[in-house]
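> Any chance you could fold what I've pasted below:
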Amino acid sequence: MEAKNADLAALRINRSPEATEAGPAGRARRWLLIGLPTAAILVVGAVFVITGGALSAALPVRLTPATMVSPMRAGAVLVASGYVVAQRKAAVASKGTGRLVYLGVVEGDRVRAGQVIARIEDADVKAQLAQAQANLQVSRAELHDAQRSLARERLLADSGASSQASVDAAEARYERVKASIAAAEAAVLAAQVSLENTVISAPFDGTVLTKNADVGEVVAPLAGGAFSKSAVVTIADLGSLQVEADVAESNLEAISGGQPGEIVLDAYPDERYPGVVAKIVPTADRAKATVQVKVAFRSYDARVLPEM
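Numbering: from 1, shown residues only. Prediction:
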């Protein structure tokens, strides 16, 4: 019986402070506090990593009571998704309507500002210009004749050989011819503009992304029919490429303009491109609760293409 009592005494729970601190609960608390909170900004086709400080430095551990904290803290990493987008891009169209007779570029060609890309037929416009110039010459000849007639009528009126009515008629004719010259000059200018509009030029330095029309097709400023095209080519300045990423509103406080980071494209997963937050668009998408952030590349790489 005494042996049984000794065995039961050995099974009693030791409630001393030393035993409590050394128990499993103490090990669980230490593991919870050592765990470092991290969050992550990814950018589509690219991974854009934003940090507030070095992540590789060793961090001291101090035992304190566990508390609830916000995940957005200095040193956090933010991941968001987006696409590479050219910030300077244009669908180059004709200012006039006509059949395309010349197209001098293809996809991938580099163009300079003002370079002729294409031309539309211009025979009718040249004819209009020639007619307007001829009308202007006629009006100028009539003006010269009207000036002489008016001067003659005034001399005759001064000598009493002509009436005031004749002078008034000569003056009216002179004014009409002057007005006709202004109209003829305007017609010439309009015809010249129409002729210039048959030439399609690059609005800025860039690269041809797509060819939207071919020689023989009808192009127009606004596609007005089923068989007409508006844009002839689409060009973009590849030096203006940025990653446009949608960032959750709750993560916006972790981002600021000029913040550095890295971009990793899906096409080149082993490449890390230095990037910087160029702009935080000042409006939110209410449906998705996100804000668009634009991330610029620090250096140009010809392999990076729009829509990656």
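> Without its sequence neighbours, what residue ends up closest to R298?
Distance criterion CB to CB, 6 or more residues apart in numbering; nearest residue to R298, sequence neighbours excluded, is P274 at 4.1 Å. C-beta here means a position set from N, CA and C on the backbone, and glycine is covered the same way.
> Which helix or strand contains that neighbour?
Per DSSP states H and E: P274 is located in strand 273-285.
> Now do the strands in the stretch 101-250 of the chain.
Applying DSSP state E, counting those that start in this stretch to the stretch 101-250 of the chain gives strands spanning 110-111, 116-120, 199-201, 206-211, 218-219, 228-229, 231-236, 241-248.
> Quick check: neighbours of the first one in the sheet, parallel or antiparallel?
Based on DSSP bridges, the strands next to strand 110-111 in the sheet, each with its direction, are strand 206-211 (antiparallel).
> contacting residues around the partner strand?
Identification of contacts with strand 206-211 by CB atoms under 8 Å, 6 or more residues apart in numbering yields 88-90, 103, 105-111, 232-238, 306.
> ok, longest helix in this structure?
In the chain, taking DSSP state H as the definition, the longest helix is helix 123-159.
> What helices and strands are in contact with that helix?
helix 164-196 (3 or more CB pairs under 8 Å, 6 or more residues apart in numbering; DSSP states H and E).
> buried set for the helix it packs on?
For helix 164-196, burial by neighbour count (16 or more other CB atoms under 10 Å) applies to 166-167, 170, 173-174, 177, 180-181, 184-185, 187-188, 191, 194.
> Spatially, which two of the residues you listed are the most separated?
Among those, the pair separated by the greatest distance (CB to CB) is S166 and S194, at 42.2 Å.
> and A187, how far is that from T198?
17 Å (CB to CB, to the nearest Å).
> Need phi/psi at T97.
When read as degrees, to the nearest 10, the backbone of T97 gives phi -100, psi 130.
> Which residue, neighbours along the chain excluded, lies closest to A231?
Per CB to CB, 6+ apart, closest to A231 is A91, 3.7 Å.
> sec struct for the one you found, please.
At A91 the chain is in strand, as set by DSSP: H, G, I helix; E, B strand; the rest coil.
> what's the burial count for H144?
Residues within reach of H144, counting by other CB atoms under 10 Å, total 11.
> and the gap between it and E307?
Plainly put, H144 is 64 Å away from E307 if you go by CB to CB.
> List the residues that contact A236.
Applying CB under 8 Å, 6+ apart to A236 gives the contacts 86, 88-90, 206-207, 209, 306.
> Now a ChimeraX select for only the buried ones of the residues you listed.
In ChimeraX syntax, the buried subset of the contacts of A236 is picked out as below (16+ other CB under 10 Å):
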select :86,89,90,206,207,209,306
